[in-house]
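**Student:** With the sequence up front, the predicted model follows.
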Amino acid sequence: MIRGSLRSLLVVLLSSLCALTVPAGAWVDPPDDWKGDLSPIAASEWNYQRAAHLIERAGFGATPEAITRLAAMSPERAVASLVDYEAVDASALKPFDESGIWDPGMDPFPPSRAEAVRRAREHGEGLGEKVLPAGTQRRLQPVVDKFFYSLTANNIETQRLGLWWANRMLVTPRPLEEKLTLFWHGHFATGQNKVRDYRMVFQQNRMLRANASGNLRDLLVGILKDPGMLVYLDNGENIKSHPNENFGRELLELFTMGVGNYSERDVREAARAFTGWTNDVLTYKFDAAQHDSGDKTFLGRTGPLNGEDIIDTILAQPVTGEFVAGKLYRYFVREDISNDVRADLGRSFRASGYQIKPLMRRMLLSKDFYSTPSVATQIKSPVHLVVSTYRKMGLSAVPTIPDFGRMTGGLGQTLFEPPNVAGWAGGRTWITPATLLQRGNLFRDVMFPDVTGFRPPDRQMSATDTRVGERIAQGMNITEATREGDAESNKMVDRDEDYNTRYGGYAGNLLAFKRTKLIPRQAAPVDVTAMMTAAHADTVDKVVDHLAYRFLSVPLADKDRAVLVSFLRDKIGSSTVRPSETLESSLRELLYLVLSTPEYQLG
Amino acid sequence: MYGLGLGAGLPLLLNQTSAALAAQALQGTSIEKHPNRILVVIELSGGNDGLNTVVPFGDAAYYKARPKLGIPERDVIKAADGFGFHPSMVGFERLYKDGSLAIVHGCGYDHPSLSHFSSMGFWHTGVPNGGESLGWLGRVADETLDASQRNLIVNLGTSQSLAVRSRKHSPLVFDDPTRFRRDGTDAEKQALAELSESRTTSNATLDFLASTAHNATESSDFVRRASSSYRTPVDYGQGGGLAGNLQRVAALIAAEMPTRLYYVTYQGNNFDTHVQQADLHSRLLMYTADAVRGFIDDVKRLGRGDDVALMIFTEFGRRVEENGSLGTDHGTATPMFIVGKGVKGGFYGKAPSLTDLDDGNLKMTTDFRRVYATMTDEWLGCSQTPAILKGQFETFKVFA
């Protein structure tokens, strides 16, 4: 009896120790024939390593404790805990705290500064600002200031929104919801730099989240009636007398079917069907007068087709199921998809009425998903890289020194600013020699934050604007203060008696800084020492093994493990790790090395 | 090993590394017709006002549309057939007189977009009104350059341009060579160099990452040293961004970097001259012309004049008619430039009419992909040009 309970105690102790410091040799390779096999894996094949792979792909990674919990479930339960996320209470997630930068007078926002000025001249006011009385110097200045204010304020508010989303990815109890939302954001790429209205960007983000695992038709109707998308693809200019093909082309080429599966005529006919689909600021509007209600022939179907008819015709094509399912597969499973898998997934996706959830469940449970070519073969996107690192560190908020948006932006991905309509190309395109070095460097900034030298990007002016401000502060008038470079160029900036654009840029910044909420700045509360203590890692070998176990998706080669072990041993002058004043700094250096390895880029 | 040559002094290190890099370049690229040729592409972002760059001073419609902004005939640097350069483009005047500047009239594409973003995307991908995800220069590299060789594409800029996005190649992208580096203490960097050694495993992505990391360590040192040690007597003019970047390209060519495709951006959205454009535009053009002239002189000085050609583009021109703010709004067709010792100088293509307009904008006369095709087919000698550009485009016989 006593012996029995001692033994079980020993087993518990050993297994908990194993869970935290699995030696490198414990990685189990899946059987070769799992590749391409869409049948579900058995409960007996479920383990920690596979649970870690699941949460890495269907979410943003997790701490060893959270992975251990997933590993203790059956594979069906583990996948369901991610896929059936509506059942998970997410009410503790904080809503976005809007600054309130828009006044009613700013809608509808003019497409250019020139247009803002033109309207203000005509109406005596613009963007909610009155033109100054005749005879006043620079009587249009308030309008021009307001125009620049809006550009800067929307940029800052979008940065804040990006940080809000990153925090949501970090702390959400429904990681797949955010991962899918990020997927759709790349699929239905829309950029704030063109839309110039964070409200539209936010509204689209909520729409994508609400439909992320629902039905493809709802998503398509939602995105094609989405004000941000309508503006981004200039569908306001798609009118009966002058159809604009952009919208129809992106729908076919990028959103649903892919090139080669339709003709140029189909593009033109689709464009006609979407004429009159426009927006009144934040609301979808159907402008019947601009809609072409004549007969169209699209993918073999003829009639007075409207936009939704086009969507239904597209959904009736087998290639649509394959295209969208194939893209989800390449995002969640692996880059290379076989024709058989694509056909199979596409068929079942279409047969289900384009339900996304069953497709996700099938993919995430499949042996193929856990096969060698799928595991740890994906290059983490910049957003995934940063968020998952914080998640694996166990942080409860995204650090703001260094700045999250700057970190991912420097690596080629800024939330709400995809590079173009095709979204982020992903995969190997994330990696250049410079970005690869940068991927490591930025974690050095996390470990050793430059708190005193940090300049918040949400309060930064260009060099020119800064100079204008300094000169105004010295008591110069606007003409003097906006003088730049040689004497000739100065005359030009201030030549229009009605306003000074350079001053407008400066004044717009100031007002934006005043009316947007400041991003609170804090460095990461990392405590690597505590992490090691909790893991009972009291030797340099155990420390290296624990860090590799916690952060890497592939085993470290013996040679590389040896490099890390000797680095730490040289640093602390011992093979035993004891808390000391300098230990944390040494451990942070070591963690920086781990996070800079080629291995760490793989998820 | 990382420490190679570190204590051996700069010239030795450069020689060793460049010899290694050059040897790499020779191996495997010999299937090309012109394995020594280099293409430099310059992007003028913001939409350069073509009409005030290559001025149609012989056309009364120009002065009618540009009563305030038109460049008076007496100031224009006359070239040929009623066309001339903006008076600040003394650098281009020199190149034109040398016979090494080709001007292609009226470049654009069907159904032009007036959005910077969309239009630049179309020029970057070389697929107007399409959703191609790779850049045209990236595809040039994919089709014609040996993917096992490193640093065949260099992109000087703060971020990687879509134009160089490639399936198989990893462009070397950097802005400030002094910041293209691995951060950390010497001990950290030493360890990371060891952790980044190339390897062969069963995971191809890991091998790719390790080889890129290895290359990054080596290349960043090389680039930093090549840039910091480069001295030239040639004057590139005052134009900070472009002059500096072209000088970095010359430094890399001088250091025998194996790069075949250089992509250089004129930083910011500078050419977007909606307001009070005269003086600003004049400066931009002067900087551009001076920097290009300086670069061409410099590569000649380096003995590589015959191996280098340069192409200049912008995402669109500007409207024919000036606007009410002494500026010009987004337009369509605009000239492109091809520069180099091997170029047959002069004007190509047909100038668009200034009166037969499409909603106030020029009707393009040259699909810009004809110029791309000229660079890939005639200059680089790529027989796969139609596949790269996804169509057959007639070249201009600019390179005799």
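**Tutor:** Cool, got the structure.

**Student:** What's the local residue count around B:Gly184?
**Tutor:** Applying other CB atoms under 10 Å in any protein chain shown, we find 19 other residues in the vicinity of B:Gly184. C-beta coordinates here come from the backbone N, C-alpha and C atoms, glycine included.

**Student:** quick one, what contacts it?
**Tutor:** B:Gly184 is in contact with A:444, A:589, A:592, B:192, counting by CB atoms under 8 Å, 6 or more residues apart in numbering or on different chains.

**Student:** try 7 Å this time
**Tutor:** For B:Gly184, the contact set (CB atoms under 7 Å, 6 or more residues apart in numbering or on different chains) comprises A:444, A:592, B:192.

**Student:** Tell me the one among those nearest to B:Ala216.
**Tutor:** B:Leu192 (10.2 Å; CB to CB).

**Student:** B:Ile42 is in what secondary structure piece?
**Tutor:** strand B:38-44 (DSSP states H and E).

**Student:** one step back: could I get the contacts of B:Gly184 in CSV, plus columns for distance to B:Glu315 and neighbour count?
**Tutor:** Formatted as CSV, the contacts of B:Gly184 follow (distance: CB to CB, whole Å; neighbours: other CB atoms under 10 Å in any protein chain shown):
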residue, distance to B:Glu315, neighbour count
A:Arg444, 37, 22
A:Tyr592, 40, 23
B:Leu192, 39, 23
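
**Student:** Of those residues, which belong to strands?
**Tutor:** The strands, defined by DSSP state E, take in nothing from the contacts of B:Gly184.

**Student:** ok, so of the residues you listed, who is nearest A:Glu98?
**Tutor:** Distances from A:Glu98 to the contacts of B:Gly184, taken by CB to CB, are shortest for A:Arg444, at 33.9 Å.

**Student:** separation between the closest one and chain B?
**Tutor:** Applying CB to the nearest CB, to the nearest Å, the value for A:Arg444 to chain B is 5 Å.

**Student:** starting at the chain centroid, how far to stretch B:157-175?
**Tutor:** 12 Å (CA atoms, centre = their mean, to the nearest Å).

**Student:** Could you pull out the buried residues of that stretch?
**Tutor:** B:157, B:159-175 (16 or more other CB atoms under 10 Å in any protein chain shown).

**Student:** So which of these are in strands?
**Tutor:** B:172-174.

**Student:** Output those of those also counted as contacts of chain A.
**Tutor:** Among those, the residues that sit close to chain A (CB under 7 Å from any CB of the partner chain) are B:172-174.

**Student:** Pick out the least confidently modelled helix or strand of the chain, by mean pLDDT.
**Tutor:** You didn't pick a chain, so chain A it is. helix A:487-493 (a mean of 40; mean pLDDT, DSSP states H and E).

**Student:** what's the following helix or strand after the strand holding B:Ile42?
**Tutor:** strand B:54-55.

**Student:** which residues touch the following helix or strand past that next one?
**Tutor:** Sequence order places helix B:60-65 as the next helix or strand after strand B:54-55, per DSSP H and E. Helix B:60-65 is contacted from outside by B:51, B:56, B:70, B:320-322, B:354-355, using CB under 7 Å, 6+ apart.

**Student:** buried sites along helix B:60-65?
**Tutor:** For helix B:60-65, by 16+ other CB under 10 Å, it's B:62-63, B:65.

**Student:** pLDDT for those - can I get that in CSV?
**Tutor:** Output for the buried residues of helix B:60-65, formatted as CSV (pLDDT from 0 to 100):
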residue, pLDDT
B:Tyr62, 98
B:Tyr63, 98
B:Ala65, 97
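
**Student:** tell me the centre residue of the chain?
**Tutor:** Looking at chain A here, since you left the chain open. A:Leu415 (4.4 Å; CA atoms, centre = their mean).

**Student:** Wait, chain B was what I had in mind.
**Tutor:** Judging by CA atoms, centre = their mean, chain B has its centre closest to B:Val41, at 1.6 Å.

**Student:** contacting residues around that residue?
**Tutor:** So B:Val41 contacts B:137, B:263, B:311 (CB under 7 Å, 6+ apart).

**Student:** And those residues, which is closest to chain A?
**Tutor:** B:Tyr263 (12.1 Å; CB to the nearest CB).

**Student:** now the helix or strand that closest one falls within and strand B:38-44, what's the angle there?
**Tutor:** Using DSSP H and E, B:Tyr263 falls within strand B:261-266. Relative orientation of strand B:261-266 versus strand B:38-44 (axes from the mean of the first three to the mean of the last three CA atoms, to 10 degrees): 20 degrees.

**Student:** Apart from its chain neighbours, what residue comes closest to A:Gln378?
**Tutor:** A:Gly603 (5.2 Å; CB to CB, 6 or more residues apart in numbering or on different chains).

**Student:** what does the stretch 251-400 of chain B put close to chain A?
**Tutor:** Contact residues, the stretch 251-400 of chain B versus chain A (CB under 7 Å from any CB): B:274-276, B:278-280, B:283, B:323, B:325-326, B:329.

**Student:** Pass me the low-pLDDT residue ranges in the chain, would you?
**Tutor:** The chain I'm using is chain A. A:1-27, A:484-496 (pLDDT under 70).

**Student:** please go with chain B instead
**Tutor:** For chain B, the ranges with pLDDT under 70 are B:1-31, B:158, B:240, B:268.

**Student:** so where do the helices sit in it?
**Tutor:** B:10-29, B:60-65, B:90-97, B:116-125, B:136-144, B:186-195, B:204-229, B:240-254, B:277-301, B:368-373, B:385-389 (DSSP state H).

**Student:** before we move on, the earlier item: in JSON lines, list the contacts of B:Gly184 along with distance to B:Glu93.
**Tutor:** As requested, these are exported to JSON lines (distance: CB to CB, whole Å):
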{"residue": "A:Arg444", "distance to B:Glu93": "50"}
{"residue": "A:Tyr592", "distance to B:Glu93": "54"}
{"residue": "B:Leu192", "distance to B:Glu93": "50"}
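
**Student:** B:Ile388: which of the residues you listed is nearest?
**Tutor:** Once CB to CB is applied, the member of those that ends up nearest B:Ile388 is B:Leu192, at 36.8 Å.

**Student:** Tell me which residues touch the closest one, please.
**Tutor:** A:593, A:596, B:182, B:184.

**Student:** Let me see the contact set for the third one.
**Tutor:** So that's B:Arg182. Contacts of B:Arg182 (CB under 7 Å, 6+ apart): A:437, A:440-441, B:189, B:192, B:217, B:220.

**Student:** Filter the residues you listed down to the buried ones and express that as a PyMOL selection.
**Tutor:** Buried residues within the contacts of B:Arg182, by 16+ other CB under 10 Å, are selected in PyMOL with:
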select buried, (chain A and resi 437+440+441) or (chain B and resi 189+192+217+220)
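
**Student:** Can you add distance to A:Met363 and give the contacts of B:Arg182 back as TSV?
**Tutor:** Converted to TSV, those look like this (distance: CB to CB, whole Å):
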residue	distance to A:Met363
A:Leu437	34
A:Gly440	32
A:Asn441	35
B:Lys189	41
B:Leu192	36
B:Thr217	37
B:Ser220	39
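
**Student:** still on that earlier bit, most surrounded residue in the contacts of helix B:60-65?
**Tutor:** B:Leu51 (29 neighbours).

**Student:** From chain A, how far out is that residue?
**Tutor:** 18 Å.

**Student:** wait, what's in contact with that residue?
**Tutor:** When contacts are counted by CB under 7 Å, 6+ apart, B:Leu51 touches B:62, B:317, B:320.

**Student:** what would those residues look like in a markdown table with distance to A:Arg139?
**Tutor:** Shown next, in a markdown table, are these (distance: CB to CB, whole Å):
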| residue | distance to A:Arg139 |
| --- | --- |
| B:Tyr62 | 33 |
| B:Gly317 | 33 |
| B:Val320 | 30 |
